[in-house]
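K.L.:
Provide a 3D model corresponding to the input given below.
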Amino acid sequence: MSNSQDNDSQSRFALGFLTLLLVLVVGTVVGSVVVQRLRPDTAAAQAAAEAVRDVAAQTEIDVATVQVDNGVVTFFFASNSANLAEGAQQALADVVQAIAAGRKTAISGYHDETGSVEQNAALALQRAEAVRDLLKALGAQETLIELRKPELTTGTGTPAQARRVDVILLPN
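P.N.:
Next up is the predicted model:
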C-alpha cells in the first residue's frame, strides 16, 4: 500500500503543479490583454495630443500682441484684423530713436494660410502699413521706413504666429 500512496501523492503533486502552471499562464494572458486595453493606443494618444495642441494654437493668440526680441519688433494680429496691440508705441521706442539717428528700418507683413490668397496679401499689407503709420505718428521720417514684401508672405508657425509684421533696423 505504501507504493500506491506514493503514486497517489506523486499524482496529486503533479496535478497540483499542472493546475498552478495553467493558472499562471491563463493569468498572464488575461493580464496582458487587460493592460493593453487600459493603456492608450500610442498612435491614438499622439493624435489626441496633436488635436489638443492644434486647438490651443488656434486659440492661444487670437488677439493682437507685440514682442521685442534682439532688436526685432514683431506684431502678432488677431484673425482678419490689422489692429495693433496695446503697447505698440513702447515696443517701437528703440526703433523710433534709431530712425531719428538716421537708421533705416524695414517692415515686412505675413499672413496665415486661412482665406483667399488675395485677401491675405491685402491684409498683410494693411498690417505693415498700420505699423508704418504708427512709426510716422511717433515722429519717424517716412523716407527711412521701407515696406518690404517678403518672398513668401505666408508666415511660419501656428496661424497665430503666422499673422505678423516684423520690424527690423537695417545696417548703416
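
K.L.:
OK, contacts around residue 120?
P.N.:
111-112, 114, 153-154 (C-beta atoms under 8 Å, 6 or more residues apart in numbering). Every residue, glycine included, has its C-beta placed from N, CA and C.

K.L.:
Kindly report the same for residue 112.
P.N.:
Taking C-beta under 8 Å, 6+ apart as the test, what residue 112 contacts is 79, 120, 154-155, 159-160, 162-163.

K.L.:
Repeat the analysis, applying 7 Å as the threshold.
P.N.:
Residue 112 is in contact with 155, 159, 162-163, counting by C-beta atoms under 7 Å, 6 or more residues apart in numbering.

K.L.:
Most neighbours of all these, which one?
P.N.:
Greatest neighbour count in those, by other C-beta atoms under 10 Å, goes to residue 163: 29 neighbours.

K.L.:
So what's the residue count around the residue nearest to that residue when sequence neighbours are not counted?
P.N.:
Nearest non-adjacent residue to residue 163, counting by C-beta to C-beta, 6 or more residues apart in numbering: residue 77, 4.5 Å away. Per other C-beta under 10 Å, the neighbour tally for residue 77 reads 30.

K.L.:
Can you name the residues that contact residue 77?
P.N.:
Going by C-beta under 7 Å, 6+ apart, the list of residues near residue 77 reads 64, 127, 163-164.

K.L.:
go with 6 Å
P.N.:
64, 127, 163 (C-beta atoms under 6 Å, 6 or more residues apart in numbering).

K.L.:
wait, which of those is closest to residue 95?
P.N.:
residue 127 (16.1 Å; C-beta to C-beta).

K.L.:
coming back round to it: any chance of the contacts of residue 77 in a markdown table with pLDDT and secondary structure as columns?
P.N.:
Below are the contacts of residue 77 laid out as a markdown table (pLDDT from 0 to 100; DSSP: H, G, I helix; E, B strand; the rest coil):
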| residue | pLDDT | secondary structure |
| --- | --- | --- |
| 64 | 90 | coil |
| 127 | 96 | helix |
| 163 | 92 | coil |
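
K.L.:
possible to save those residues as a markdown table with distance to residue 145?
P.N.:
Listed next are the contacts of residue 77 as a markdown table, based on distance: C-beta to C-beta, whole Å:
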| residue | distance to residue 145 |
| --- | --- |
| 64 | 20 |
| 127 | 14 |
| 163 | 21 |
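
K.L.:
can you give me the strands in this protein?
P.N.:
65-69, 72-76, 105-109, 145-147, 164-169 (DSSP state E).
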